[in-house]
Every structure is written in structure tokens, then in C-alpha cells.
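Student: Below are the sequence and a predicted model for it; my questions follow.
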Amino acid sequence: MTRYIIRRILWFIPVLFAIMVVTFVLSHSIPGGPFDFAGEKALPESVRQNLMRKYHLDEPLYMQFARWTWDLLHFDLGPSYYHRNLTVTDILKHTFPISAQLGLLSLILALIIGIPAGTFAALKQNTWVDYTSTFIAILGVSIPNMVLGPLLIWIFSIKLGWFPAARWGTDYTKLFLGIIPPLNVKFFKHAFLPTVTLGTAMSAQIARLTRASLLQVIREDYIRTARAKGLPERTVVIVHALKNSLIPVVTILGPMFAAVVTGTFIVEQIFGIAGMGKYFVVSVTNRDYPLIMGSILLYSVLLVIANLAVDITYAWLDPRIRYE
């Protein structure tokens, strides 16, 4: 396993390099530039040229990329063109914990709801429990975030007044890079609607996959053997059947993590959350190349780490899997 992890880490280097090359070329291919306008007024040509020269944007693309890569090797992501007096590192340091909180809370909610719902639906196959769970899962997958978010705001914020319509709470813990949220009512009242919006589709997908996998596992011979030994049904389901049925669920957690990351773009815009997604949208619309590159780099690193964690967990759940 150790050799496999080392090989995967080494393989990540050319993968990340390729992602950065593609991102750099595509971002610079967007029409317009970062210094075409100051607010709503066009900058004088002399001022624009001076700014282009200051940030080396008048150089060929390969030289700009080489300069960015050299700075990256020195852990310098460069200054933000749009957010003056701020570096990309400063922006990511402030916004990443917020997006991470939203993504982790949504993923936890999806697992807490999806696995039990799929398990009950499989154990109660072809009953009203199964039909209701399946209907809700299909509904959850079918409603996009851009529709569900405003709908929840209209119901729970405008009509009922139970939860705030936007913004996170102002208090954040510093534990684990500030990702672990504070355990207070104010924070969770602000986090409830965005978390439900982002986690609904994921919980529906996990529920459907858990149901299908568990229905297949409970028909295996070793499950019939466990029941023939007189083991309690709870032990048979939880210890023997559920563990193996979660292998497909674990497999999709890597791609699902990517969906969580990209899904925060829309959810952060809807709920006015100043996370990475909101800043990334602003960076694209304003051609803030360093912030685009820094955001994509961080997202890519998180994604490859998530996929590696999925592979390790997969081997733990199924001892037959060996990567050596």
C-alpha cells in the first residue's frame, strides 16, 4: 500500500502540471484583459500599458507561464489583479475555510441522510417505505441548486422566518485551518439553508446507490450463511451486509467531492457567501489570472487527495483489494 501511495503522489505531479497548462491557456484566451476598465470607465491606453508591463502581461504566454511556475515553486501565487493590495494566498486563506465548511457539512448531511434512507428502502423493498424513499431521491436529484436554493429561502426565510436568507455567522474556530465550524446556534442557523441546498442532490444519489448495492449484497451466499447461524438480523445487516454495500458509495465519493466543490459556486452566489466559489466567479469575469490559477490549483490538489483517500478506504472496506 505504501508503494502504491508513493506512486500515486508522483503521478499527481504531471497531472497537476497538465491541468495548470490547460487552465493558463484557456484563461488567457478569454477576450478582454484585467486592466481594460477601472470600474465602469475604460483606462487610458498609457495607464493600461504600464500596468501590463508591471505585471509582465506584455510578455509571450510561455514566458508568463514560466514566471508563474517559478513563483509557485517558491510558494508565491502572486498578487490579485482585481482585489488590489491582496495576494492570491491571502484571498484563498480567507475564503477556503468558508467553502470547506459548506462542502464538508453538505457531504456529512448527505451521508447521514442517504445511507439510512437507502438501507431502509432496501430492507423494505416494494413497500411504501421503498416507494417513498425512491420518489424523494428522484425528486432530490432532479431539482438543481439554482432552483432549490431560492425556493428554500422563500419558504424558510421569507414566509416562515426561521433561518437567515444569506451570509454565514461571523465566528469561526481556528481548529484545523479554521475548517471545523463553531458549535453555536448562530452559525448553524446561517449554515442550514446552504447546506441543505448543496447536500440534497448528494443525499439522493447516495440513497439510490446504497439501496441498489444493499439489495445485491443481501442475496449473497455469505449473508444466507450468517442468517443460518442464527445471528441477529441487526448484526447481519450492519456488520456483514452494509459494510460491503458501502463500497460503491465510497467509490463515488471522489467524483462527488468534485461536485461539492464546483457546486459551491452557485450556492455561494445564491446565499451571498464570501467563499472561494464567489471569488472564483469574480476572478473569471474580471480576468484575474493569478486568482484563477490559484483557485484551480487548490481545487485540483483537493480532488486528487480525495481520490487517493477513496482508494485507501476502498482497500480497507474490501480486504481482497490490493494495490501492490
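Tutor: The structure has been received and is ready for your questions.
Student: Would you agree residue 110 falls within a helix?
Tutor: Yes - looking at residue 110 with DSSP: H, G, I helix; E, B strand; the rest coil, it is inside a helix.
Student: In space, what's closest to it - neighbours in sequence excluded?
Tutor: residue 202 (3.6 Å; C-beta to C-beta, 6 or more residues apart in numbering). C-beta: built from backbone N, CA, C; applies to glycine.
Student: element containing the one you found, please.
Tutor: Secondary structure from DSSP states H and E places residue 202 in helix 185-217.
Student: Show me what counts as buried in that helix.
Tutor: By neighbour count on 16 or more other C-beta atoms under 10 Å, the buried set for helix 185-217 is 187, 190-211, 213-215, 217.
Student: what about residue 21, neighbour count?
Tutor: Close neighbours of residue 21, defined as other C-beta atoms under 10 Å, add up to 12.
Student: Leaving out chain neighbours, which residue sits closest to it?
Tutor: Leaving aside its chain neighbours, residue 21 sits nearest to residue 65 (7.1 Å; criterion: C-beta to C-beta, 6+ apart).
Student: Surely that neighbour is in contact with residue 24?
Tutor: Yes - Residue 65 is within contact range of residue 24, at 5.2 Å (criterion: C-beta atoms under 8 Å).
Student: neighbour count winner among the two?
Tutor: Using other C-beta under 10 Å as the criterion, residue 65 and residue 24 rank with residue 24 on top: 20 against 17.
Student: And that one, how close does it get to residue 83?
Tutor: Distance of residue 24 to residue 83, given as C-beta to C-beta, to the nearest Å: 20 Å.
Student: about what we covered before: return the residues in contact with the residue nearest to residue 110.
Tutor: Contacts for residue 202 (C-beta atoms under 8 Å, 6 or more residues apart in numbering) come out as 106-107, 110, 114, 256, 259-260.
Student: Before we move on, what's the pLDDT of it?
Tutor: Per-residue pLDDT puts residue 202 at 87.
Student: what's the answer for residue 21, then?
Tutor: pLDDT for residue 21: 90.
Student: any idea which element it lies in?
Tutor: Assessed by DSSP H and E, residue 21 sits inside helix 2-29.
Student: and that helix, what does it pack onto?
Tutor: Contact here means 3 or more C-beta pairs under 8 Å, 6 or more residues apart in numbering; DSSP states H and E; on that basis helix 2-29 packs against helix 61-73, helix 289-317.
Student: swap the cut-off to 7 Å and go again
Tutor: helix 289-317 (3 or more C-beta pairs under 7 Å, 6 or more residues apart in numbering; DSSP states H and E).
Student: Now do the helix it packs on against helix 61-73, angle only.
Tutor: With axes from the mean of the first three to the mean of the last three C-alpha atoms, to 10 degrees as the basis, helix 289-317 and helix 61-73 are set at 60 degrees to each other.
Student: Helix 289-317: which residues count as buried?
Tutor: By neighbour count with 16+ other C-beta under 10 Å, helix 289-317 contains the buried residues 289-300, 302-304, 306-308, 310-311, 313-314.
Student: for stretch 134-143, same thing?
Tutor: Within stretch 134-143, the residues that count as buried by 16+ other C-beta under 10 Å are 134, 136-137, 140-141, 143.
Student: average pLDDT for it?
Tutor: Mean pLDDT, computed over stretch 134-143, is 84.
Student: and if you look at stretch 87-95?
Tutor: pLDDT averaged over stretch 87-95 gives 86.
Student: So for that stretch, what gets flagged as buried?
Tutor: Buried, per 16+ other C-beta under 10 Å, within stretch 87-95: 87-89, 91-92, 95.
Student: after the helix holding residue 202 comes which helix or strand?
Tutor: helix 221-228.
Student: Which strands or helices does that next one pack on?
Tutor: Looks like helix 221-228 contacts no helix or strand (3+ C-beta pairs under 7 Å, 6+ apart).
Student: re the thing from before, how far does the helix holding residue 202 sit from the chain's center?
Tutor: A distance of 13 Å separates the centroid of the chain from that of helix 185-217, by C-alpha atoms, centre = their mean, to the nearest Å.
Student: Taking helix 221-228 as reference, get the angle to that helix.
Tutor: Angle of helix 185-217 versus helix 221-228, following the same axes, to 10 degrees, is 100 degrees.
Student: lowest-pLDDT helix or strand in the chain?
Tutor: In the chain, no helix or strand scores lower on mean pLDDT, DSSP states H and E than strand 37-38, which sits at a mean of 58.
Student: so where is the stretch 151-300 of the chain shaky, pLDDT-wise?
Tutor: Applying pLDDT under 70 to the stretch 151-300 of the chain flags the ranges 167-184, 258-259, 261-263.
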